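**Q** Test case, fold it:
(2 chains)
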Amino acid sequence: MQALVIAAHGSHLNPDASDPTYAHADTVRETGAFDEVREAFWKEEPHFREVIRTLESEEVFVVPLFISEGYFTEQVIPRELRLEDWNPDKWDSDGTAASTVTLEATDVDKTVHYCGPVGTHDAMTDVIVQRAETVTEDSDVGAGFGLAVVGHGTERNENSAKAIEYHTERIREQGRFDEVEALFMDEEPEVDDVTDFFEAEDVVVVPLFIADGYHTQEDIPEDMGLTDDYRLGWDVPAEVDGHRIWYAGAVGTEGLMADVLLERAVDAGADVGDALEAVRNEVSLRDGGTSDSTSGPTTEAGD
Amino acid sequence: MDRTSPEFEAVLETVTDEERIAFDGLTIERDGDTYTVETPAGAQTGLERSDLPQALEPVSAYVTNWYYWQRTVGGEDTARRAFLRWCERAPIETEGTGADEPATSDASTYTNADDGTVAVPARDEALRDGIDREWGELVVTTRLVDDVDRPESERVYDCWHVADAGTDLAELEVYDDPRAARELATHDEDGRYRPLKTAPTLVSGWAFTGLSGAELVDTIGFFYPATVANWHREQRDALDVDHWAETADRQSGIYDVVDELPREAVEWMTEACCVDSQCLRRREWHFEEDDELAVDGGDGQFPCREPCSLVIAAARSWAILESEDEHTYELELTTSELNQLTEIVDAVADGRTDEIREADVNDGANRFRARYLRAKRFDDDGGFTARRRADETDAD
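**A** From the prediction side, this is the model:
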């Protein structure tokens, strides 16, 4: 038997923070690729601390639903899962290369394949592009468009920016969009000045966040000038300084994220049969231009 | 059960392959070409294979019981199986003294169970009406399936809120997908988010019906995550408790400070958070292994094996507050106003503010009383007009 555990932050204050986790878990559940699929959280239940013991499978694949390598993936999750012999060096990562390491959880007799976060997987590049397609309702979006990949950015964690820059570069190399830029909330170059970085009239803005919350639904829309007050909402696209800004909201809510979770588990040795294909087909049918990126404002995802 | 039923066929197949079945008081043994069938009611020996249908007919409850547990449920030693057995008051198998022990050696435990469990024939009878058990605020009913196309041993499970025990099913919102429990558990009656799943504030008005055993366990897992796993460990004396000091010590980042919370404040914290009125879990952790907290851990059904994330988050606030120095303040209040402060704190702490009637101005926590106090005693900075008395700290 094999199990997939999706390890996410969750929130004590905002129930919406765990919505993407549940949605992607359900997508994976429906493929039947795993005998058990379990959501686990830092701030909700089951807590990381208790989750492995709720499983019957001997092989457990843990995929952090986080954007970057850093504090949560290197310290909090492995510590709370009681992964014996964990050491960040085992990932041998430069900040975006963590793939998998196999460990024993000390409170249960199980083998845990601890995977890198979804945010740094190569498949995440496709999700960002998919997000651009969803928000523009154009599966060929690219020519004549700029794409801004937006990260939080923080001086506390240099890997936070690395994940953003990594995907930005990969999308740039595809040559699909006229311009591709990495922008940040808390460091230069800043998303506030989004229009300064693009020649293209149309700019898709995709925040690399897991859940829609305070940053993606309040801060960023106001900072970019999409709206004076987030509570009033904004148009997609919205006119800002002679540009049309297609604001996508958190990339983590994109259905194709389930594909990245599966990819992470496959890289770690999970046998998922034809689940990858099933998810891609199912997601593309389901998401065909129906995503509502301007759904109501919510509060802080993490607290 | 007859000779064409799946239960009967499975019995024949098993005794042919393995020569022995021993489960829940039933033993069927093959010795060459002869068979022995034994239950607490008696033994039939020297049976031919052709005698088996007749021999098993009077003990069919044991046979169908065996089939359900060994073939349908499976999962020896799992929490899932133990929980489902608990649901129908079957003896819970513990490792090493499992149900495959010879029935003859402990048949009495199946016929005269003094631990609240029910022996097979009586259990089978009770399952026809449905056996109810409470799990936190849930009622789980186990009953035999009523469907000619399915094995007669098969159980289905219904689940609803204890408050709806007397409510007609037609008046409840009926679900059959365990995942619906996630939504139901998200908000309380007032629409407020429930970050603590074991808070005694689960909404009522719904029912899950006709769940399989696996679906029931999933449903319970969404309502009360990890409670089955930890309960199972406790049943086997294998609950691993992490006491306050260990849990606090391993915190990092912004929670690094929680281990500075004074011993005395940990008591206040458990009194505030870890009591029956706030959580259905029974606190099993103390300050340290050999340093028990004075506050009672409560009577909750689910063992709480370490401080939860809400307690850790709250502890961070209290660790910061407790690091402040104490001072003596002077402020002008009448005796009634001082008493009123007590009443306000009590009302908020007990979540009673919504119950105080609009015009009940005798209650110190009445909104108009509180607004009057604020109007009279607060200064321009929006707080009590208070003077801090000079103390030694200030003199330094």
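**Q** what number of residues lie near A:V260?
**A** Per other C-beta atoms under 10 Å in any protein chain shown, the neighbour tally for A:V260 reads 26. In short, each C-beta sits where N, CA and C put it, glycine included.
**Q** CA atoms only for the helix or strand hosting it, dumped as PDB, please.
**A** According to DSSP states H and E, A:V260 maps onto helix A:257-267. Output in PDB follows, covering the C-alpha atoms of helix A:257-267 (Å, rounded to 0.1, in the frame of the first residue of the first chain):
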ATOM      1  CA  MET A 257      -1.500  21.700  -9.100                       C
ATOM      2  CA  ALA A 258      -2.700  18.200  -8.400                       C
ATOM      3  CA  ASP A 259      -0.500  17.200 -11.300                       C
ATOM      4  CA  VAL A 260       2.600  18.700  -9.600                       C
ATOM      5  CA  LEU A 261       1.800  16.800  -6.400                       C
ATOM      6  CA  LEU A 262       1.700  13.500  -8.400                       C
ATOM      7  CA  GLU A 263       4.900  14.400 -10.200                       C
ATOM      8  CA  ARG A 264       6.600  14.900  -6.900                       C
ATOM      9  CA  ALA A 265       5.500  11.500  -5.700                       C
ATOM     10  CA  VAL A 266       6.400   9.800  -8.900                       C
ATOM     11  CA  ASP A 267       9.900  11.300  -8.700                       C
END
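**Q** If you count neighbours, what's buried in the next helix or strand after it?
**A** Counting by DSSP H and E, the next helix or strand C-terminal to helix A:257-267 is helix A:275-286. For helix A:275-286, a neighbour-count test (16 or more other C-beta atoms under 10 Å in any protein chain shown) marks A:275-276, A:278-280, A:282-283 as buried.
**Q** Any chance you could list what contacts helix A:275-286?
**A** With contact meaning C-beta atoms under 8 Å, 6 or more residues apart in numbering or on different chains, helix A:275-286 is reached by A:27-28, A:30-33, A:255-256, A:258-259, A:262-263, A:266.
**Q** rerun that using 6 Å as the cut-off
**A** Helix A:275-286 is contacted from outside by A:27, A:31, A:33, A:255-256, A:258-259, A:262, using C-beta atoms under 6 Å, 6 or more residues apart in numbering or on different chains.
**Q** of all those residues, which comes closest to A:L65?
**A** A:A258 (10.5 Å; C-beta to C-beta).
**Q** and the closest one, what does it touch?
**A** Counting by C-beta under 6 Å, 6+ apart, A:A258 has contacts A:24, A:27-28, A:279.
**Q** can you do 8 Å?
**A** By C-beta under 8 Å, 6+ apart, A:A258 lies in contact with A:23-24, A:27-28, A:279, A:283.
**Q** measure B:T334 to B:T328 for me?
**A** Distance, B:T334 to B:T328, by C-beta to C-beta, to the nearest Å: 20 Å.
**Q** Revised request: answer the last question for A:K162.
**A** 53 Å.
**Q** Looking at those two, which one has more neighbours?
**A** More neighbours surround A:K162 than the other of A:K162 and B:T328, with 21 against 9 (other C-beta under 10 Å).
**Q** ok so that one is a strand residue?
**A** No: read with DSSP: H, G, I helix; E, B strand; the rest coil, A:K162 is helix and lies in no strand.
**Q** just checking, it touches A:A98?
**A** No: A:K162 is not in contact with A:A98 according to C-beta atoms under 8 Å; the separation is 11.2 Å.
**Q** joint contacts of the two?
**A** Joint contacts of A:K162 and A:A98 (C-beta under 8 Å, 6+ apart) are A:69, A:120.
**Q** Which segments of the chain make up each domain?
**A** Because you didn't say which chain, this covers chain A. Under the assignment automatic domain parsing, the domains of chain A span A:2-120+A:254-287, A:123-253.
**Q** not quite, I wanted chain B
**A** Chain B breaks down by the TED database into domains covering B:1-72, B:75-94+B:117-238, B:240-323, B:329-388.
**Q** Indicate which one of those is closest to A:E188.
**A** Ranked by C-beta to C-beta, the member of those that lies closest to A:E188 is domain B:240-323, at 25.1 Å.
**Q** What is the end-to-end distance of that closest one?
**A** Start-to-end span of domain B:240-323 (C-alpha to C-alpha, to the nearest Å) is 31 Å.
**Q** Rounded mean pLDDT for that domain, please.
**A** Across domain B:240-323, pLDDT averages out at 97.
**Q** So what does residue 42 have for phi and psi?
**A** No chain in the question, so chain A it is. phi -80, psi -40 (degrees, to the nearest 10).
**Q** Chain B, not that one
**A** phi 150, psi 170.
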